[in-house]
Every structure is written in C-alpha cells, then in structure tokens.
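Enquirer: Output the structure for:
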Amino acid sequence: MFFLLYRFIKRKNSNRRLRIIAFAPVLIIGYLLYSAVFPSENFYRQDFKEVTGQDLPESVEFRYKSATYPDHFGDYTSVAIITVEKELYKNLPQALVKKGHTEKGEKVHSKEFDKALKHIGKLEIEKEFTLHQKQGIYYYVGFLTDHKSIIVQRLSW
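Expert: Take a look at the predicted model:
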C-alpha cells in the first residue's frame, strides 16, 4: 500500500493537490505513532493529577519524563521528575495524606523508575508516599533533598 502511495506521489503527471491529500494520512499516522511513543507534557500533567489529586501549575519544569506504551489491557508506567515551586513542595505531603497515600511506603521498581533515579544526581529521596488502588494501580511520590524536585510514578498492571 505504501509503495502504491509513493508511486502516486512521485508521478509527474498527477495533480499536485491530490498528491498532498494522498500524503496527509501518512503524516497523521506518523504523528499519532510519535505521540504514542513520546507523550506530551500534558500526559504527565494528567498523571500528576491522577496520582496527587492536585493540578500541576504551568510554572513547573520537567527534568525527566518517561513512559511505557500501554499494553493490550491499557496498563502502563509513567515516571517524571518535576521541579515545582516551594509552596507546592511544602503543601503536597498533606494533600497526599488526605488522598489516602501512606508515608514511607514501598517502592515498586520498574525500568522507567530506575532510569529516573539515575537522573537525580547527588540528590536523595527524603520523603516517600505511596497508594495502592484495588484495580492494580500504584502511585508513588518522592520528595528530593533539594526541596523543589519530586518524582511522580504511576504504574498499573
């Protein structure tokens, strides 16, 4: 099919407008595949809201982000290291406890989480909060020692 499309686009006597229209589906499919493999910041913002119950301010900086492609059940893992404002860093632990997270919870390691740990440099995790949902979803928030960076993980299986 792609070979026929390529031949049609390369044909010199075909209408230019038709060639562009014929090439449009290839661009759309390419964009959809790219966005599935490399999610946008909005994807990580939605995961942050799901994990913490809080909206993420626009002023944050994503230092690292990684996600797996969803499997046939829709399960995936996402991890982000986010630099936040001091006020959010200070108030987020109380919001997590209200949502049901427990402090000093267990870490569930994944390839994405282990890669994220390599990106924190000399910083250490000083506080950890976890929440296990009955549907097989695990939430993790780690607060780093620079008092402005957090690690957020969403994992489902």
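Enquirer: I'd like to check which residues are in contact with the most centrally placed residue in the chain.
Expert: For the chain, Tyr44 is the residue whose C-alpha lies nearest the centre (CA atoms, centre = their mean; 3.8 Å). The contact partners of Tyr44, by CB atoms under 8 Å, 6 or more residues apart in numbering, come to 62, 65, 67, 78, 80, 82, 152. Every residue, glycine included, has its C-beta placed from N, CA and C.
Enquirer: Okay, now the unreliable bits of this structure?
Expert: Residue ranges of the chain with pLDDT under 70: 1-16, 18-19, 22, 105.
Enquirer: Check the gap between the residue nearest to the centre of the chain and Glu124 for me.
Expert: 23 Å (CB to CB, to the nearest Å).
Enquirer: quick revisit: tell me the SS of the residue nearest to the centre of the chain?
Expert: helix (DSSP: H, G, I helix; E, B strand; the rest coil).
Enquirer: ok, now how distant is it from Ile20?
Expert: Distance from Tyr44 to Ile20, by CB to CB: 34 Å.
Enquirer: likewise Ile150?
Expert: 45 Å.
Enquirer: more crowded one of these two?
Expert: Ile150 (22 against 11; other CB atoms under 10 Å).
Enquirer: Just confirm that one is within a helix.
Expert: No: according to three-state DSSP, Ile150 belongs to no helix; its state is strand.
Enquirer: Can you get me a residue count around Val60?
Expert: With other CB under 10 Å as criterion, Val60 counts 19.
Enquirer: Next, the contact list for it, please.
Expert: With CB under 8 Å, 6+ apart, Val60 has these contacts: 82-85.
Enquirer: Which of these fall in strands?
Expert: Judged by DSSP state E, the subset of the contacts of Val60 located in strands is 82-83.
Enquirer: out of the contacts of Val60, who's nearest Glu106?
Expert: Lowest distance from Glu106 to the contacts of Val60 (CB to CB) belongs to Ile82, with 21.6 Å.
Enquirer: Appreciated, that's everything.
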